[in-house]
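Undergrad: With the sequence up front, the predicted model follows.
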Amino acid sequence: MLLFSVLGSIEIMKQRVAVRLGGAMQQTLLATLLAAGGSLVTVDSLILELWGTTPPNKVENALQAQVSRVRRTLAAVEPDREGSRVVTSTSGYMFLFDRWELDAYLFLDTVDAIHARTGTDTLSEHRQNVADLRAGLSRWRGPVFGGLAGGPICRTASTRYMEARNSALILLYDLELRTGGHERILPELTELYSRNPNHEQFCMLLMRALYRCGRQLDALTVYRQCRHNMIESQGIEPSPVLSQYERAILTHDPMLLQNEPYWPVPALVAS
């Protein structure tokens, strides 16, 4: 059984052994076919993904060579498989795989299932959701597709996976706060926000955790830093919701200490 990993460097996992394709072209080709979810990818689309607007001479031959190399790698990993996973049609290529063979789909399905059951209110159910979210997020090993640029197909998939990851992180830390984990998650939230200094919801989570730890001034400092970052980098003021957080902390709003979401948790990106 194989697992194709794209939430980090592009790898083919077999019995916990990672196999990597040689070269960025082969990796981009596999990433594109996986991102298409088993649908046909036209030759023109693949050329754009691999070479952008400056393809080489005899680009169709170059594409066929990359396809052959990917096929050889897959054949070496699955010597008993009948037929290649890379299927040729008159207009392009498609990749045969099951949903459970791609780590990105496993992540999306796990988090969607957790999000669907977050209407429950018991402490044990919240803690189970936290554990499951952490397990899902542990599939991330680095940037999507190992940071390969790719073209429109890869970029669209990368954006979708990253949005789902951010939504999962928001849900995770909201649940952690609702179960009294503010002290435990404070270092994680601090690091997360430092990597995303313009992300309002990460800012709100950190402010809330700091406030619950008795650090009102630090929570206000985080707000002011976020406001400064947004004005400097985007030329905009914080949203009314983030400004409401500042007022809530200034006035010691008791809602900040209640074990309920202080704002609507965003829905996860559909899979």
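TA: Yep, that arrived. Numbering: from 1, shown residues only.
Undergrad: Met13: what's it in contact with?
TA: Neighbour list for Met13: Leu2, Leu3, Phe4, Ser5, Val19 [criterion: C-beta atoms under 8 Å, 6 or more residues apart in numbering]. For the C-beta atoms, the positions are set from N, CA and C on the backbone; glycine is no exception.
Undergrad: low-confidence ranges in the protein?
TA: 118-121, 259-271 (pLDDT under 70).
Undergrad: if we go to 50?
TA: 264-271 (pLDDT under 50).
Undergrad: Distance from stretch 184-192 to the middle of the chain?
TA: Here stretch 184-192 is found 18 Å from its chain centre; the criterion is C-alpha atoms, centre = their mean, to the nearest Å.
Undergrad: And for stretch 197-216?
TA: Distance, centroid of stretch 197-216 to centroid of chain: 22 Å (C-alpha atoms, centre = their mean).
Undergrad: How about stretch 183-194?
TA: Counting by C-alpha atoms, centre = their mean, stretch 183-194 comes out at 18 Å from the chain centroid.
Undergrad: ditto for stretch 217-232
TA: 26 Å.
Undergrad: Pull out the buried residues from it.
TA: Asp218, Ala219, Leu220, Val222, Tyr223, Cys226, Arg227, Met230 (16 or more other C-beta atoms under 10 Å).
Undergrad: Out of the contacts of Met13, which sit inside strands?
TA: Leu2, Leu3, Phe4, Ser5, Val19 (DSSP state E).
Undergrad: For His199, state which of those residues is nearest.
TA: Ser5 (25.7 Å; C-beta to C-beta).
Undergrad: ok so, going back, buried subset of the contacts of Met13, written for PyMOL?
TA: Selection of buried members from the contacts of Met13 for PyMOL, criterion 16+ other C-beta under 10 Å:
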select buried, resi 2+3+4+5
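Undergrad: which one among the buried residues of stretch 217-232 gets closest to Leu48?
TA: When the buried residues of stretch 217-232 are compared against Leu48 (criterion: C-beta to C-beta), the nearest one is Met230, at 34.2 Å.
Undergrad: close enough to count as contact, the closest one and Ile236?
TA: Yes: counting by C-beta atoms under 8 Å, Met230 does reach Ile236; the two are 5.7 Å apart.
Undergrad: And the strands in the stretch 1-150 of the chain, which stretches?
TA: Residue ranges of the strands in the stretch 1-150 of the chain, as given by DSSP state E, counting those that start in this stretch, are 2-5, 11-14, 17-19, 41-42, 86-88, 92-95.
Undergrad: would CSV of the ones you listed with distance to Gly146 be doable?
TA: Formatted as CSV, the strands of the stretch 1-150 of the chain follow (distance: least, C-beta to C-beta, whole Å):
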stretch, distance to Gly146
strand 2-5, 9
strand 11-14, 9
strand 17-19, 12
strand 41-42, 19
strand 86-88, 20
strand 92-95, 18
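Undergrad: Tell me which of those lies nearest to Arg155.
TA: strand 41-42 (14.2 Å).
Undergrad: residues in contact with that closest one?
TA: Thr32, Leu33, Glu49, Ser91, Gly92, Tyr93, Met94, Ile153.
Undergrad: can you rerun that using 10 Å?
TA: Outside strand 41-42, the residues that touch it by C-beta atoms under 10 Å, 6 or more residues apart in numbering are 29, 32-33, 35, 48-49, 89, 91-95, 153.
Undergrad: Among those, name the buried ones.
TA: Leu29, Thr32, Leu33, Ala35, Leu48, Glu49, Gly92, Tyr93, Met94, Phe95, Ile153.
Undergrad: Glu176: which of those residues is nearest?
TA: Ala35 (31.3 Å).
Undergrad: Would you check that the closest one makes contact with Leu46?
TA: No: Ala35 is beyond contact range of Leu46, at 11.4 Å (criterion: C-beta atoms under 10 Å).
Undergrad: can you list residues touching both of the two?
TA: By C-beta under 10 Å, 6+ apart, the residues touching both Ala35 and Leu46 are Ile153.
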